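Peer 1: can you look at this prediction? I've put the sequence above it.
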Amino acid sequence: MMSEIVVLSGSPSESSRSESVLKFIGSLLIEEGFSVTHISIRDLSKDVLFNGEFNSPTVKDVTKLIQEAEGVIVGSPVYKSSYSGMLKTLLDILPQDVLEDTPVLPLMTGGSSSHLLALEYALKPLLASLKGLNLKGVYLEDFQIDKTKINNPIIHTKALERLTKQVAYFTKIINSKQTNILL
């Protein structure tokens, strides 16, 4: 079964701001007619991740979903000026070209604007090393997100505009990629 969009959450917390924004993006994509598969690092066995079991059935399933996706969204909270260690552990055991020629929308959330560069200097290079086609990406500060709001957790107007603009650009790229395949 092919998933058009894979949303990969690198947050170890189920109730994180990153998680709530990723779920919101998934709902926007579903409204646009895309099928969305949400994968969280919490869905994978800690033993599989810790032991680097790249041949485990779970890791093979995640690999297949990502490789068959038309686009991937990868989100993580900022920890120590970088993405979560759990996300890095998962990405380390996936094939080196798992994102080859795939549009990737990176997303990070953090406590202040001082962590903004974590998107540029940590997450985007990691995704590029997996051969992903990085979009500009979105960094949101904690005060811009109310994770208790289910339908739309982004309470800051400009942040919501930036996010929806990037999601629209992401879907435009995917739609044009699909059109080129049909031609």
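Peer 2: That came in fine, so what should we check first? Numbers count the residues shown, from 1 in each chain.

Peer 1: check which helix or strand covers Val104.
Peer 2: Using DSSP states H and E, Val104 maps to strand 103-110.

Peer 1: what's the mean pLDDT across the helix or strand immediately after that strand in the chain?
Peer 2: Next helix or strand after strand 103-110 toward the C-terminus (DSSP H and E): helix 117-118. Mean per-residue pLDDT for helix 117-118: 92.

Peer 1: now do the same for the next helix or strand after helix 117-118: mean pLDDT, whole number.
Peer 2: Where DSSP H and E defines the elements, the next helix or strand beyond helix 117-118 is helix 124-129. Helix 124-129 shows a mean pLDDT of 97.

Peer 1: show me where the protein has its helices.
Peer 2: 17-31, 46-50, 57-68, 85-93, 117-118, 124-129, 157-182 (DSSP state H).

Peer 1: distance of the spatially most central residue of the chain from Glu53?
Peer 2: The structure's the chain has its C-alpha centroid closest to Val74; by Cα atoms, centre = their mean the separation is 1.5 Å. Val74 sits 21 Å away from Glu53, going by Cβ to Cβ, to the nearest Å. From N, CA and C alone the C-beta is placed, and that goes for glycine too.

Peer 1: now for the protein, the helix or strand with the poorest mean pLDDT.
Peer 2: Ranking every helix and strand in the chain by mean pLDDT, DSSP states H and E puts helix 157-182 at the bottom, with a mean of 88.

Peer 1: list the buried residues in that helix.
Peer 2: With burial defined by 16 or more other Cβ atoms under 10 Å, the residues of helix 157-182 counted as buried are 159-160, 162-163, 166-167, 170-171, 173-174.

Peer 1: which of those sit farthest apart?
Peer 2: With distances taken as Cβ to Cβ, the most widely separated pair in those is Ala159 and Ile174, at 22.8 Å.

Peer 1: ok so, going back, next, the angle from the least confident helix or strand of the chain to strand 103-110.
Peer 2: When axes from the mean of the first three to the mean of the last three Cα atoms, to 10 degrees is applied, the directions of helix 157-182 and strand 103-110 differ by 160 degrees.

Peer 1: how far away from the center of its chain is helix 157-182?
Peer 2: Relative to the mean C-alpha coordinate of its chain, helix 157-182 is positioned 14 Å out (Cα atoms, centre = their mean, to the nearest Å).

Peer 1: that one vs helix 17-31, what angle?
Peer 2: With the same axes, to 10 degrees applied, the angle from helix 157-182 to helix 17-31 works out at 50 degrees.

Peer 1: and helix 157-182, what does it pack onto?
Peer 2: Under the contact definition 3 or more Cβ pairs under 8 Å, 6 or more residues apart in numbering; DSSP states H and E, helix 157-182 sits against helix 17-31, strand 71-77, strand 103-110, strand 138-141.

Peer 1: of those, which stretch is the most buried?
Peer 2: Highest mean neighbour count among those (mean count of other Cβ atoms under 10 Å): strand 71-77, with a mean of 28.
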